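Chemist: Fold the following.
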Amino acid sequence: MEVDKGAHQVRVLDPSNKALAVYPASIGSDEKPAPSGQAEIQRVVHNPTYHYDPDFAFKGVKTKRPFTIAAGPNNPVGSIWIDLSIESYGIHGTPEPGKIGKTFSHGCIRLTNWDAEDLASMVHKHMKVTFKDE
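Modeler: Numbers count the residues shown, from 1 in each chain. Now for the predicted structure:
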């Protein structure tokens, strides 16, 4: 799998590097850029609970206390969380699909909920994820 930061896309590739699926994505931000290099998938969580860590101090979040948002398609990570081997990074859905590819994420790789669910059906634990820089 490849995360192309410049093209704002996530691609699932076959062994010959032919694209099996391509998804538009919001990738990283100035405050928390997406990583470079390689990662691997640790697990896939369906209907995840969102946990906010105030140490990240995301723009627009005014609290200095941690909080939790229950599972559901309207929580900040949508209906799927694909956990990566880089701490606090993942590929996930969103409650605001119209913003995909047009705005930044808080560092993670954000897809529409339906694309994240489709991607989750194609990935597995230990699958490599390559971040392609611009």
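
Chemist: Show me where the protein has its helices.
Modeler: Assigned by DSSP state H, the helices in the chain fall at 113-120.

Chemist: can you pull out the strands in it?
Modeler: 2-4, 9-13, 19-24, 26-27, 37-46, 50-52, 67-69, 80-84, 90-92, 109-110, 128-132 (DSSP state E).

Chemist: how far away is the residue lying farthest from the centre of the chain from Val3?
Modeler: Outermost residue of the chain with respect to the C-alpha centroid, by C-alpha atoms, centre = their mean, is Ser16; its distance is 24.5 Å. Per C-beta to C-beta, to the nearest Å, Ser16 is found 19 Å from Val3. C-beta here means a position set from N, CA and C on the backbone, and glycine is covered the same way.

Chemist: try Gly98
Modeler: Note on Gly98: its distance to Val3, by C-beta to C-beta, is 21 Å.

Chemist: quick one, which of the two is more surrounded?
Modeler: Shown here are Gly98 and Val3; by other C-beta atoms under 10 Å, Val3 has more neighbours (25 against 9).
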